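Colleague: build the 3D model from these lines:
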Amino acid sequence: MTAGMNQRDFEKLVEEGIDQIPERFLEKLKNVAVMVEDEPSDEQLRDLGMNKEEDTLLGLYEGVSNLEGGHTHRDFPDRITIFRLPILEIAERDGDIPTIVADTVRHEIAHHFGMDDYDIEQAEKSS
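Modeller: So this is what the prediction gives:
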């Protein structure tokens, strides 16, 4: 576990993670709110079948992926939430935090484009 990082500095890392996404994907990232929370809510964990004491959730995409039709019939945005405290908890050094944040942002944006965890893992292996 690292010494920690305040909310503002962490949010800057999330912005930097978004900036690392290729433009061809960013231009298709419509009606998606990206936010930072300290931890997932009990409800979010329950909906995922996760246990706060046993499982670690770094980020969460909530919405209808582009593959499933995206926002054709919705006015409210999808939501990507990056969870600060779990990321700080798994980082062995402060220098690891930017990479974990960028990877988490990329992972959650991939969910927006319809990729499941297996697809994301395969894409990461081939890159």
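Colleague: surely Ala123 and Phe113 touch.
Modeller: No: counting by Cβ atoms under 8 Å, Phe113 is not a contact partner of Ala123; they are 10.5 Å apart. In this view, the C-beta of every residue, glycine as well, is placed from N, C-alpha and C.
Colleague: the more surrounded of those two?
Modeller: More crowded of Ala123 and Phe113, by other Cβ atoms under 10 Å: Phe113, with 16 against 12.
Colleague: partners of the helix or strand hosting Arg79, with directions?
Modeller: In this structure, Arg79 sits in strand 78-83 according to DSSP states H and E. As defined by DSSP bridges, the strand partners of strand 78-83 come to strand 32-37 (parallel), strand 59-62 (antiparallel).
Colleague: and the lengthiest helix in the chain, what's buried?
Modeller: Criterion DSSP state H: the longest helix present in the chain is helix 97-112. Buried residues in helix 97-112, counted by 16 or more other Cβ atoms under 10 Å: 97, 100-112.
Colleague: for those, which one is nearest Asp9?
Modeller: Ile97 (9.1 Å; Cβ to Cβ).
Colleague: what is the burial count for Val34?
Modeller: 22.
Colleague: how about low-confidence regions in the chain?
Modeller: In the predicted model of the chain, residues 1-3, 66-75, 127 satisfy pLDDT under 70.
Colleague: what about the helices in it?
Modeller: Counting by DSSP H, the helices of the chain are 7-19, 23-26, 42-47, 84-90, 97-112, 117-126.
Colleague: out of the ones you listed, flag the one nearest Asp55.
Modeller: Nearest of the helices of the chain (Cβ to Cβ): helix 42-47, 7.1 Å.
Colleague: who does that closest one touch, helix- and strand-wise?
Modeller: Packing partners of helix 42-47 (3 or more Cβ pairs under 8 Å, 6 or more residues apart in numbering; DSSP states H and E): none among the helices and strands.
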